[in-house]
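> model this:
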Amino acid sequence: MVFLYGIKGSSERRNSEVIYLDSKTGRKTIPFDTRDFVYGDDDPQLARSRHGSQGSVLDERGELWLPNGWVSHGVSRLPWWNSGTNLVHFFDRYRWELKWSLTLPEGAYNLANWSNMLVFRKSVEKDNKRTGILCGQLAGRNTPTWEFALPSDVPDVAVHTFDVIGPPIISRDFTYTVGQREIYVFGGGALFALDPNTGKTRWRHNISGDSALKKASLKMQYADVLETDDSLILSSDNILAKFSIKSPARISVIRNDLRDNPLPISCEGFIYCFTEGE
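The predicted structure is shown next:
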């Protein structure tokens, strides 16, 4: 099953529509009950297919089920435009007793988990610079176990916004994804793999300087990361690329006609994405 936008023009309003597809053939199939994971609002976005837990901000709005027997309440309503409280409660999944409550800090509108380690990103703005900080906090504790920010050798990125007149915002922000064994962070053209328990960098790769992208005259300063069985799928603007950790070539460009929204999804070995073509 996939979630589609009906788009007839760049200036027209997007119409939400849920389409049910057979993952093996790509053909439409009979609808089935989705009440367990459909966002209960006018915009019925669905949880993205992934081997790990939720790791993005907008496309995944499912509650968290932790190995310690806790289930969250409030995660599904943490999109970036949330202007209310960022309080998340955790209940015993069997007795529905309140076990713990977490108030996310200002600038944090997302929550994921790797095992019992809660993961969230917050942004701090100062002197026209936006800095992202990734936090890992063990469920039940009141302070983060670790924090990660882009190292100083990662270059700043100038971000121009259409609704702000003046100099560009200097960004040191990033996207993140919780994988099966590692947390993947992408920012400033660099890809990092973090240890979920400590937040320390296990490995990093300079994607923007990769020979495959340079040969194709392509740049990738930021990207959303999707984990598959044996590789990572990177999507940025109109680029869809495959990053193989074990391959010497590292990265290969799959498509350069990608539509940047909605983001690609993975299901049973297939990558579903939107392209600019008819």
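> what pLDDT does the residue of the chain most remote from its centre get?
Distance to the chain centre peaks in the chain at residue 95, reaching 31.4 Å (criterion: Cα atoms, centre = their mean). For residue 95, the model assigns a pLDDT of 87.
> Could I get the full set of strands for the stretch 1-150 of the chain?
Using DSSP state E, counting those that start in this stretch, the strands of the stretch 1-150 of the chain run over 2-6, 15-19, 70-73, 87-92, 98-103, 112-114, 117-126, 129-138, 146-148.
> Pick the most deeply packed of those.
Mean neighbour count (mean count of other Cβ atoms under 10 Å) peaks for strand 112-114 among the strands of the stretch 1-150 of the chain, with a mean of 23. (Glycine included, C-beta is placed from N, CA and C.)
> what's that strand packed up against?
When contacts are defined as 3 or more Cβ pairs under 8 Å, 6 or more residues apart in numbering; DSSP states H and E, strand 112-114 packs onto strand 117-126, strand 175-178.
> partners of it, with directions?
When pairing is defined by DSSP bridges, strand 112-114 lines up against strand 117-126 (antiparallel).
> For the partner strand, give me every contacting residue.
Applying Cβ atoms under 8 Å, 6 or more residues apart in numbering, the contact partners of strand 117-126 are 55, 57, 64, 102, 104-108, 110-113, 130-139, 145, 173-174, 176, 178, 183, 196-197.
> returning to what we had before: can you put the helices and strands packed on strand 112-114 in a markdown table and add distance to residue 192?
Listed next are these as a markdown table, based on distance: least, Cβ to Cβ, whole Å:
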| stretch | distance to residue 192 |
| --- | --- |
| strand 117-126 | 13 |
| strand 175-178 | 9 |
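> Out of those strands, which gets nearest to residue 29?
strand 175-178 (27.9 Å; Cβ to Cβ).
> After that closest one, which helix or strand is next? Please name it.
strand 183-187 (DSSP states H and E).
> Go ahead and produce CSV holding the CA coordinates of that following strand.
The C-alpha atoms that make up strand 183-187 are tabulated as CSV, following Å, rounded to 0.1, in the frame of the first residue of the first chain:
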residue,chain,number,x,y,z
ILE,A,183,21.5,5.6,12.8
TYR,A,184,22.2,7.4,9.5
VAL,A,185,22.7,11.1,9.4
PHE,A,186,23.1,13.2,6.2
GLY,A,187,24.1,16.8,6.2
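> Can you check what angle separates the next helix or strand along the chain from that strand from strand 117-126?
Remark: after strand 183-187, the chain's next helix or strand is strand 190-194, criterion DSSP H and E. Here strand 190-194 runs at an angle of 140 degrees relative to strand 117-126 (axes from the mean of the first three to the mean of the last three Cα atoms, to 10 degrees).
> Low-confidence bits of the protein, can you list those?
Along the chain, segments meeting pLDDT under 70 span 1-19, 23, 32-62, 76-77, 79-85, 161-165, 247-249, 260-262, 277-278.
> quick one, helices of it?
211-215 (DSSP state H).
> Got the domain ranges for it?
By the assignment in automatic domain parsing, the chain contains the domains 1-46, 47-272.
> winner for burial among the ones you listed?
domain 47-272 (a mean of 17).
> Report the distance from that domain to the chain centre.
Its chain's average C-alpha position is 4 Å from that of domain 47-272, according to Cα atoms, centre = their mean, to the nearest Å.
> one step back: of all the helices and strands packed on strand 112-114, which lies closest to residue 22?
Across the helices and strands packed on strand 112-114, closest to residue 22 is strand 175-178 (Cβ to Cβ), at 26.1 Å.
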